[in-house]
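# please find the sequence and the predicted model below.
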Amino acid sequence: MNGHGNQVSIRRIEPVTMGEQVYSDLKGLLMTGAFEPGSKLSLRPLAKQFGTSSMPVRDAMRRLAAEGGLRLTRERGFEVPFYGPEEFERLMALRADIESIAISHAGNHMGQAGQLAPLWELALSFERESRKAAPDGKLLQKINKDLHFALYGLCQEQFLIDTIERLWMMVGPTVSLYFQAQAKPAELARANKHHRVIIEALEEGDFTAAMAALKRDILEGAAVIVECGDFAK
């Protein structure tokens, strides 16, 4: 306590700036594959869609380019990077390694009743959609993203989550093409199995098994995408 009774020094909380919101929204769109690999992003149409001036959109795109989510073109514009099969597999392998580390850190924050209920809800939503005669690829990718990040949120390590977001931003456009056009029932069934094994292992406190199942989910999915994907650009 100081000389002013109960007054303490507290930093004022600044509201989220428009630039931060544009950055966050664009990153989310990249992570869920809203833009195809190789597509060029036009500043003015995006600014109009966001309802902002061009400046916050340009600043956000520059920031995303510095993080690998976008690429500067020779015309000083921006495009969604296109990764060849070797680059894509390398990024997915990094995902598998880093995301399994996030699972291992989750053990320090487990134990609350109902903590895994949201994961089961998302896993079952993915399963129901995947079993439809014509599943919605965009919805599947969104549910898959939400499920994975609900998992990583358990670790409560923001640096790890930020790193994982960056990798998802880079591979999201390619993964989206697979979900929308080429995902087969047997492959979606495999993903459902891995989701269940991950959550069941967490329920049992077996983080080694959860990490192994997560790695299989990511790496097997990457192999399927490379095998059936169009990397001819």
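Now that the structure is in, tell me what you want to look at.

# Tyr83 is in contact with Gly38, correct?
No - judged on C-beta atoms under 8 Å, Gly38 makes no contact with Tyr83 at a distance of 10.0 Å. For glycine as for every other residue, the C-beta is placed from the backbone atoms N, C-alpha and C.

# these two - which one has more neighbours?
Neighbours around Gly38 and Tyr83, counted as other C-beta atoms under 10 Å, are more numerous at Tyr83. The numbers are 18 against 12.

# can you list the low-confidence ranges for the protein?
1-16, 111-113, 182, 229-233 (pLDDT under 70).

# could you chop it up by domain?
Domains of the chain are assigned by automatic domain parsing as 18-79, 85-228.

# from one end of the shortest one to the other, what's the distance?
Terminal residues of domain 18-79 lie 22 Å apart, using C-alpha to C-alpha, to the nearest Å.

# repeat that for stretch 38-49.
Start-to-end, stretch 38-49 (C-alpha to C-alpha) is 21 Å.

# how about the biggest helix by length in the chain: buried residues?
When the chain is parsed with DSSP state H, its longest helix is helix 158-181. By 16 or more other C-beta atoms under 10 Å, the buried positions in helix 158-181 come out as 160-161, 163-180.

# report all helices and strands that that helix contacts.
With contacts defined as 3 or more C-beta pairs under 8 Å, 6 or more residues apart in numbering; DSSP states H and E, helix 158-181 has these neighbours: helix 18-31, helix 85-106, helix 137-153, helix 207-228.

# spatially central residue for this protein, please.
Nearest to the mean C-alpha position of the chain, by C-alpha atoms, centre = their mean, lies Trp168 at 4.2 Å.

# chain neighbours aside, what residue packs nearest to that one?
Met31 (4.5 Å; C-beta to C-beta, 6 or more residues apart in numbering).

# returning to what we had before: quick check: what element follows the longest helix of the chain along the chain?
helix 185-203 (DSSP states H and E).
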